[in-house]
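Engineer: Need coordinates for the below:
(3 chains)
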Amino acid sequence: MRLNLRRSAHEVAPDLIGAELTFDGVGGVIVEVEAYDHEDPASHAFQNRRSARNASMFLGGGHAYVYRSHGIHWCLNIVCGDPGVANGVLIRALEPTHNLEAMIARRGLSDPRLLCSGPGRLCQALGITKDQDGWRIDRAPFRLRARKAPVEIVTGPRIGLSKAADVPWRYGLAGSRFVSRPFPSR
DNA sequence: CAGTGGATGCTCT
DNA sequence: GAGCATCCACTGT
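Structural biologist: Residues are numbered from 1 along each chain as shown, chains lettered A, B, ... in the order given. A predicted model of the protein is given here:
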C-alpha cells in the first residue's frame, strides 16, 4: 500500500493504522488516530481560521503539526490534504517497536504498554516537541512507512472533546493492547 | 475498576 | 479569564 497524504484526513486516518512511524530511529506501529477537518468545530483550525498556533496545519499533506496540550504535553498531528485547507490526523498511540530503551529513559517507565499509549505519552517517548512543528513527516529524521498487510480497523467517538463528541472519527487497530483506551465494543 | 482533581501554559475572547 | 485534541495520583468500591 502507498500512503497518499494529500487526501482528506478522513481518507488518510484509517490508512495510517498499521503504518510505522519513527523519529530519530525511535517509534513503532501506529495503532490509534483521530481525524480533524476544517469543518469540524473540535479542530484547532475550524473554518480554516488561521492563528499562530495552527499555521502548520495549512502547509499541506506530509507536514507535522505539534501543539501544547493542557500546558504540559505535546501532541503530534500528520497534516493531510492540499495546502491552505486545514486537515490533520492526531497520532494517539503507537505499539513501540524501535529503540524502547530511549523511550524508557524519556518516560521514566518500562511497561511497554505505557510508553506510547496516548498522544502526550508518545511525543514524550519519541522526543517530539514544538521544535518539530512544521517539519516533514516523510523525511529524516522522521520516517513514515505504509503498512504492508491488510489490518482490521475499529472506530469510535474521539477522546476528550466537548464539541463534535459524537462523530466516530477515532480509528484503531482491532485487538491492540497499545491503544490509549478501549474502543466501544459496539 | 470508576471517578475526581491538580499540574501547568498557551490560545483566543 | 475561560477553556483546553492530557496525564497521573489518589480515592473508594
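Engineer: who in chain A is up against DNA strand C?
Structural biologist: Taking CB under 7 Å from any atom of the strand as the criterion, chain A approaches DNA strand C at residues A:34, A:36, A:42-45, A:57, A:65, A:69-73, A:75, A:77, A:88, A:90, A:107, A:109, A:114, A:118-122, A:158-163, A:180. For every residue, glycine as well, the C-beta is placed using N, CA and C.
Engineer: what about chain A, any weak spots by pLDDT?
Structural biologist: A:186 (pLDDT under 70).
Engineer: what does it put close to DNA strand B?
Structural biologist: Residues of chain A lying near DNA strand B (CB under 7 Å from any atom of the strand): A:44, A:51-54, A:68, A:70-72.
Engineer: Need the max-distance pair from those residues.
Structural biologist: A:Ser51 and A:Ile72 (20.5 Å; CB to CB).
Engineer: A helix includes A:Val66, no?
Structural biologist: No: with DSSP: H, G, I helix; E, B strand; the rest coil as the criterion, A:Val66 is assigned strand and is not in a helix.
Engineer: Show me what it bridges to in the sheet.
Structural biologist: A:Val66 forms beta bridges with A:Leu76, as assigned by DSSP bridges.
Engineer: Pull the number of nearby residues for it.
Structural biologist: 20 (other CB atoms under 10 Å).
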